[in-house]
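K.L.:
After the sequence you'll find the predicted model.
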Amino acid sequence: MTTSAAPRPAAVWVKRNLFRSPFDAVLTVVFGLLAVYVTFQLVRFVFVTARWEIIGTNLKLLMVGNWTMIHLPRIAIAMIILAVWGGSIGGLIHARQVRRGTSTLAEMSLPTRTGDLVRRFGILIATVLLLLLLTTTPGPWLMAAGAVVGAVLGRVIGGVLGRLHYPRPVAVPGALVFAAIPIAMYFYLIDAVPLAEWEGFLFNIFAAMAGIILCFPLGVLLALGRRSKMKLLRLMSTAYIEIVRGSPLFVLLLLANVSLEFFVPSSIAPSKPVRAIVTFTLFTAAYLAEIVRGGLQSIPRGQVEAARSLGLSPVTQLSRIVLPQALRNVIPAQIGQFISLFKDTTLAGLGLGILDMLAVSEAITQQPDFRGQGLIIETLAFTAFLFWVGSFTMSRESQRLERKLGVGTR
């Protein structure tokens, strides 16, 4: 007597998910063929038909705009210092986790840690290598190598400093000085090139980072104001949120461009990049306020009552009990809004006339060597790819943070 072999798990999965019924089978075949066709056309465009020489020729314009060559080393120096700063933060956080016994990296070998970094930032690393391959000078390679070395060095320094204990009179000033390093790098850069002349992808990244940093505290304050028991504060916060959320971002950018000088003399009016950053901040803060308010409403009332029964002050209840849980619960929505802000920075070129990366990608097609050749598809595809890489990296890190904090599971 013979027995038939048990079906393989892969075959069972295919039958259950793709060919469960005749209708499912038809859909699988149709969309499978469509996916193959789209993939073929995409690969053919990237590796065969596209003319990427326009990107290689204008890579500097796309990245930093019209920065003069003499000032580009400042960007490299700032990047290396920020890499050391970021690596130090990672080292400090890891040392703190080791002290608390919550670190998972301590049990990993060096190859495992390397593999984890590649999984997290593989696409970002591959994109940086692609940009380096498109360059024709050794400067970007030296900057990238310096940033890698700086990040590793910073991680070691942060790990050493994180194992030490500091008295409060030393820890507080040290933390303030450490936090001021990115601000110092900003002033170091604008000392050579004013913010009004920042262009290309550099402007998009800086505007997104500044908008995210500035809109977060404002959004939290607006959310708290809308839930406040003070009627005037609640009405003011609600009016701001509803008016700004009901206004298109592009219209606000146009108003910032053409209407501000009716109220402020042009001699003291802020530059267009500053107007763009302020507009992005005010607009995103209104959306973020509603996201945070939803997080605050998700906290059970028993949490507040338990904190009150322990004799905690209202400020302590909010800062130690309510707000941390509320922000943790709405991490996906917050990151989604930050990604939207990053992509919306391309509207600054249309609304304020700033030469951001999208504006540069359209302008370079009018150069004498490329005019009338239909290369706008290549430039727009390259721009879209860089924005997708940035958005995808933010999304993946958000998912990693959610898993680490147990969002949705506890």
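P.N.:
Now that the structure is in, tell me what you want to look at.

K.L.:
mind giving me the domain ranges of this structure?
P.N.:
22-51, 53-67+197-410, 68-192 (automatic domain parsing).

K.L.:
which phi and psi does residue 356 have?
P.N.:
According to degrees, to the nearest 10, the main-chain angles of residue 356 amount to phi -80, psi -180.

K.L.:
Contact partners for the residue lying closest to it once chain neighbours are set aside?
P.N.:
Spatial nearest neighbour of residue 356, chain neighbours left out: residue 349 (4.4 Å); criterion: CB to CB, 6 or more residues apart in numbering. The C-beta positions use only the backbone N, C-alpha and C, and glycine is treated the same way. By CB atoms under 8 Å, 6 or more residues apart in numbering, the residues touching residue 349 are 355, 356, 358, 359.

K.L.:
Which residues are in contact with the second one?
P.N.:
Read it as residue 356. By CB under 8 Å, 6+ apart, the residues touching residue 356 are 199, 200, 201, 203, 204, 345, 346, 348, 349.

K.L.:
returning to that earlier point: so which of the contacts of residue 349 is surrounded by the most neighbours?
P.N.:
Using other CB atoms under 10 Å as the neighbour test, those are led by residue 356, with 27 neighbours.

K.L.:
Residue 146 and residue 180, how far apart?
P.N.:
Look at residue 146 and residue 180: by CB to CB, to the nearest Å, they are 22 Å apart.

K.L.:
Of the two, which one has the most company?
P.N.:
Between residue 146 and residue 180, residue 146 has the larger neighbour count (other CB under 10 Å), namely 17 against 10.

K.L.:
Can you show me the CA trace of the strand or helix carrying residue 188 as PDB?
P.N.:
According to DSSP states H and E, residue 188 maps onto helix 181-190. C-alpha atoms of helix 181-190 as PDB (Å, rounded to 0.1, in the frame of the first residue of the first chain):
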ATOM      1  CA  ILE A 181      26.100  71.200  17.500                       C
ATOM      2  CA  PRO A 182      23.600  71.000  14.600                       C
ATOM      3  CA  ILE A 183      22.700  74.700  15.200                       C
ATOM      4  CA  ALA A 184      26.400  75.600  15.100                       C
ATOM      5  CA  MET A 185      26.800  73.700  11.800                       C
ATOM      6  CA  TYR A 186      23.900  75.700  10.400                       C
ATOM      7  CA  PHE A 187      25.500  79.000  11.200                       C
ATOM      8  CA  TYR A 188      28.800  77.600   9.900                       C
ATOM      9  CA  LEU A 189      27.100  77.000   6.500                       C
ATOM     10  CA  ILE A 190      25.200  80.200   6.200                       C
END
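
K.L.:
buried ones in whatever helix or strand comes next after that helix?
P.N.:
Following helix 181-190 in sequence order, the next helix or strand is helix 200-226 (DSSP H and E). Across helix 200-226, burial judged by 16 or more other CB atoms under 10 Å covers 200-208, 210-212, 214-216, 218-220, 222-226.

K.L.:
ok, now how distant is the residue nearest to residue 321 when sequence neighbours are not counted from residue 406?
P.N.:
Spatial nearest neighbour of residue 321, excluding adjacent residues (CB to CB, 6+ apart): residue 307 at 4.6 Å. As judged by CB to CB, residue 307 and residue 406 stand 21 Å apart.

K.L.:
more crowded one of these two?
P.N.:
Neighbour count, other CB under 10 Å: between residue 307 and residue 406, residue 307 has more, with 18 against 9.

K.L.:
Report pLDDT for that one.
P.N.:
pLDDT for residue 307: 83.

K.L.:
give me every residue that touches it.
P.N.:
Applying CB under 8 Å, 6+ apart, the residues contacting residue 307 are 316, 317, 320, 321, 322.

K.L.:
Pull out the buried members of those.
P.N.:
Among these, those buried by neighbour count (16+ other CB under 10 Å) are 317, 321, 322.

K.L.:
Not counting residues beside it along the chain, what's closest to the first one?
P.N.:
This points to residue 317. Spatial nearest neighbour of residue 317, excluding adjacent residues (CB to CB, 6+ apart): residue 307 at 4.4 Å.

K.L.:
and the one you found, what helix or strand is that in?
P.N.:
According to DSSP H and E, residue 307 maps onto helix 301-309.

K.L.:
Equivalent analysis for residue 95, please.
P.N.:
Going by DSSP H and E, residue 95 is in helix 72-100.

K.L.:
Could you list every helix and strand that the helix or strand that that helix is followed by packs against?
P.N.:
Sequence-wise, the next helix or strand downstream of helix 72-100 (DSSP H and E) is helix 110-134. Contact here means 3 or more CB pairs under 8 Å, 6 or more residues apart in numbering; DSSP states H and E; on that basis helix 110-134 packs against helix 59-64, helix 139-162, helix 376-405.

K.L.:
Appreciated, that's everything.
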